[in-house]
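Trainee: Give me a 3D structure for the following:
(one chain, ligands or ions: 1)
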Amino acid sequence: MPEKITAPRGTEDLIPPQSARWQALESRARALARCFGYGEIRTPLFEATELFVRGVGETTDIVEKEMYTFLDKAQRSMTLRPEWTAPVVRAMLEHHLLAQGPQRLYYIGPIFRYERPQKGRYRQSHQFGVECTGYAEPAADVEVISLAWELVRSYRIADAALKINSIGDETCRPRYREALLEHFRPNLAQLSPDAQRRVERNPLRLLDSKEERDAPFVASAPRFEAYLCDACREHFAAVRATLDLLDVPYRVDPRVVRGLDYYTRTVFEIQSGALGAQSALCGGGRYDGLIRSLGGPQTPAVGFALGMERFLMIVEAAQGAPIETRAGIQAIGLGVQARAALLPVVAELRRLGVPAFMDYEDRKLLAHLKTADRNGARFALIVGSEELASDEAVLRDLELRADRRLPLREPRVLAASLVEATI
Ligand code: AMP
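Mentor: So this is what the prediction gives:
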């Protein structure tokens, strides 16, 4: 026997019933985005590598070690999308959207990162996210944060916590960076290898280190709060006041710094204990410098990305396996003649938009009813030789476990009476 081929490490197949949960999350996310006035953007799965090197930042984990990069047949370096913001900005510039004023866009789709797979961490994962450009006002930060929070709230995830922070701008960040360096440098030898490597290039990233060795030094590190310039301080205070006004519950957490270089001022995460080490299910913030650094006009912007695998994991942890709602009709024909009578009824039901299922082999009624359960059918329409003789079909409510009889009339009439009987 030839060896079986399996899915690549860190990827997942989605099959029923799990794929239905994905569809439900996707449609809820789309509906919510619509409520906030966001339109969908779809970008290619691969882009010029340069876009991510410039757009995400050379000192980030993504660019340093996680990109799926390849040369195409014309020897151009291409990279599978490891995050959405840089491609969205690239597309906005390419289509001159920024010239039209503020933009509100959302996306749903896969990202690719060569990470070590573990619970909640994949090499292909999926994100729902938004980008809001053209507003420097704190109200835009709050709009984006509340959109993310609204999705989490609508799933009633009890232990989800929204954490916000400000990481300043080009005026105040250099001073804070210096203060961090002064704090970490004397203790370099005691820090984890990762932290030692990072400290000179990107000391802010040490603050979200998950290594135990780093914990005491992180805990005693200076806080950005004390270093924020007046403009950043005011902005952050207004974000907090507006969140209060809208009753969005949050905590200020100086350790939320985000992994990508392009953030300025507000950063936020939504975290859940149910995820263990990979506690962030959503992350985002303001990125006022990115659009210019990608060749566009100076444009303030704010956005977030929510990991859909992690989101569904915590939904299940919080609520248990969801109860699937039953819908549709399983047509059960016992014998060739009965099946021939039911086939046009099934076709008619589908035309009317009612899910209708049918099997084509000779099996016992019980086996057919099991199939109906598997299909999640609410009703079974049963016809055997007896029913054919009496010109009546049995309609069984599989939820209430009750039978009733319906006259076996011509398919369109029967389908219409079924729609009426099953509403
Ligand atoms: P980031 O783009 O790194 O800010 O990530 C935003 C969100 O995407 C995270 O909070 C995760 O929920 C999710 N995410 C990022 N990378 C992965 C991954 N490798 N596997 C699963 N989810 C991920």
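
Trainee: Can you name the residue of the chain nearest to the ligand?
Mentor: Nearest residue of the chain to the ligand (Cβ to the nearest ligand atom) works out as residue 307 at 2.1 Å. Any C-beta I mention is one placed from the backbone N, CA and C, and that applies to glycine too.

Trainee: Surely that residue touches residue 127?
Mentor: Yes. With contact defined as Cβ atoms under 8 Å, residue 307 reaches residue 127; the gap is 6.1 Å.

Trainee: So which residue is smack in the middle of this structure?
Mentor: In the chain, the centroid-proximal residue (Cα atoms, centre = their mean) is residue 308; its distance is 2.9 Å.

Trainee: mind listing what that residue touches?
Mentor: 22, 25, 26, 108, 125, 126, 127, 128 (Cβ atoms under 8 Å, 6 or more residues apart in numbering).

Trainee: at 6 Å what do you get?
Mentor: Contact analysis of residue 308 by Cβ atoms under 6 Å, 6 or more residues apart in numbering lists 126, 128.

Trainee: Quickly note the distance from it to residue 263.
Mentor: Residue 308 sits at a distance of 22 Å from residue 263 (criterion: Cβ to Cβ, to the nearest Å).

Trainee: Check residue 387 too.
Mentor: Distance, residue 387 to residue 263, using Cβ to Cβ: 67 Å.

Trainee: And those two? Which one has more around it.
Mentor: Remark: of residue 387 and residue 263, residue 263 carries more neighbours, 28 against 20, as counted by other Cβ atoms under 10 Å.

Trainee: Now do the closest residue to that one other than its chain neighbours, the pLDDT please.
Mentor: Excluding its sequence neighbours, the residue lying closest to residue 263 (Cβ to Cβ, 6 or more residues apart in numbering) is residue 285, at 4.4 Å. Residue 285 carries a pLDDT value of 97.

Trainee: my hunch is that residue 285 is in a strand, does that hold up?
Mentor: Yes. Assessed with DSSP: H, G, I helix; E, B strand; the rest coil, residue 285 lies in a strand.

Trainee: Counting neighbours, what do you get for it?
Mentor: Neighbour count of residue 285, defined by other Cβ under 10 Å: 27.

Trainee: residues contacting it?
Mentor: Residue 285 makes contact with 258, 263, 266, 267 under the criterion Cβ under 6 Å, 6+ apart.

Trainee: and those residues as JSON lines, adding distance to the ligand and secondary structure?
Mentor: Formatted as JSON lines, the contacts of residue 285 follow (distance: Cβ to the nearest ligand atom, whole Å; DSSP: H, G, I helix; E, B strand; the rest coil):
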{"residue": "258", "distance to the ligand": "6", "secondary structure": "coil"}
{"residue": "263", "distance to the ligand": "9", "secondary structure": "coil"}
{"residue": "266", "distance to the ligand": "14", "secondary structure": "strand"}
{"residue": "267", "distance to the ligand": "10", "secondary structure": "strand"}
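
Trainee: Tabulate the residues you listed (CSV), appending pLDDT.
Mentor: Below are those laid out as CSV (pLDDT from 0 to 100):
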residue, pLDDT
258, 85
263, 91
266, 98
267, 97
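
Trainee: Just among those, which is most surrounded?
Mentor: Counting neighbours by other Cβ under 10 Å, residue 263 leads the contacts of residue 285 with 28 neighbours.

Trainee: Show the backbone phi and psi for it.
Mentor: phi -70, psi 150 (degrees, to the nearest 10).

Trainee: Spell out which residues make up each domain of the chain.
Mentor: Per automatic domain parsing, the domain ranges recorded for the chain read 18-172+228-319, 329-422.

Trainee: Comparing those domains, which comes out most buried?
Mentor: Burial of these is given as mean neighbour count (mean count of other Cβ atoms under 10 Å); domain 18-172+228-319 ranks first at a mean of 18.

Trainee: Run the chain-centre distance for that domain.
Mentor: How far domain 18-172+228-319 lies from its chain's middle: 10 Å, per Cα atoms, centre = their mean, to the nearest Å.

Trainee: cool, stretch 176-196 as well?
Mentor: Distance, centroid of stretch 176-196 to centroid of chain: 34 Å (Cα atoms, centre = their mean).

Trainee: what about that stretch, start to end distance?
Mentor: Taking Cα to Cα, to the nearest Å, stretch 176-196 runs 18 Å from one end to the other.

Trainee: any idea of the mean pLDDT for that stretch?
Mentor: On average, the pLDDT along stretch 176-196 is 91.
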